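S.K.: take this sequence and fold it.
(one chain, ligands or ions: 1)
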Amino acid sequence: MQKNAAVNYNDGCFKVVVEKCEGCDRIVEQEGNKFCSTYLNPEAKWKLGMCNFATHAKIEIAVSKVRINPLKAAKRASKGK
Ligand code: SF4
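M.R.: Coordinates of the predicted model:
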């Protein structure tokens, strides 16, 4: 199978990356400009929060630990039958 020919990021379809993209592995540099290899318009990806494909930043998910009483859980399970 033939591999994709080199993408021309400077053809006007791709927008340059924004400040928040700095450090992301998906950035490709072409002729002095930096583009995202995943999105045409990186700015739009950051408008509604953080880019979900960013490799340099991760969404922090607050995990709350719910304590379960094993005895009560077993009782509840047996009642459900
Ligand atoms: S994947 Fe997201 S953070 Fe990374 S360069 Fe593209 S738009 Fe920017």
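S.K.: wait, Val16 touches Gln30, no?
M.R.: No. Using CB atoms under 8 Å as the test, Val16 is too far from Gln30 to be in contact (10.1 Å). Where C-beta positions appear, they are placed from N, C-alpha and C, glycine not excepted.
S.K.: per-residue pLDDT, Ile27?
M.R.: For Ile27, the pLDDT comes out at 96.
S.K.: gap between His56 and Pro70?
M.R.: Look at His56 and Pro70: by CB to CB, to the nearest Å, they are 41 Å apart.
S.K.: same drill for these two, tell me which one is more crowded.
M.R.: Ranked by neighbour count (other CB atoms under 10 Å), His56 and Pro70 place His56 first, with 13 against 7.
S.K.: that one sits in which helix or strand?
M.R.: Using DSSP states H and E, no element contains His56; it sits outside every helix and strand.
S.K.: give the contact list for it.
M.R.: Each residue near His56 by CB atoms under 8 Å, 6 or more residues apart in numbering is listed here: Glu22, Gly23, Cys24, Asp25.
S.K.: most neighbours among those residues, which one is it?
M.R.: Result: Cys24 is most packed of the contacts of His56 (other CB under 10 Å), 19 neighbours.
S.K.: go ahead and confirm it touches Phe35.
M.R.: No. Cys24 is beyond contact range of Phe35, at 11.1 Å (criterion: CB under 8 Å).
S.K.: shared neighbours of those two, anything?
M.R.: Joint contacts of Cys24 and Phe35 (CB under 8 Å, 6+ apart) are Val17.
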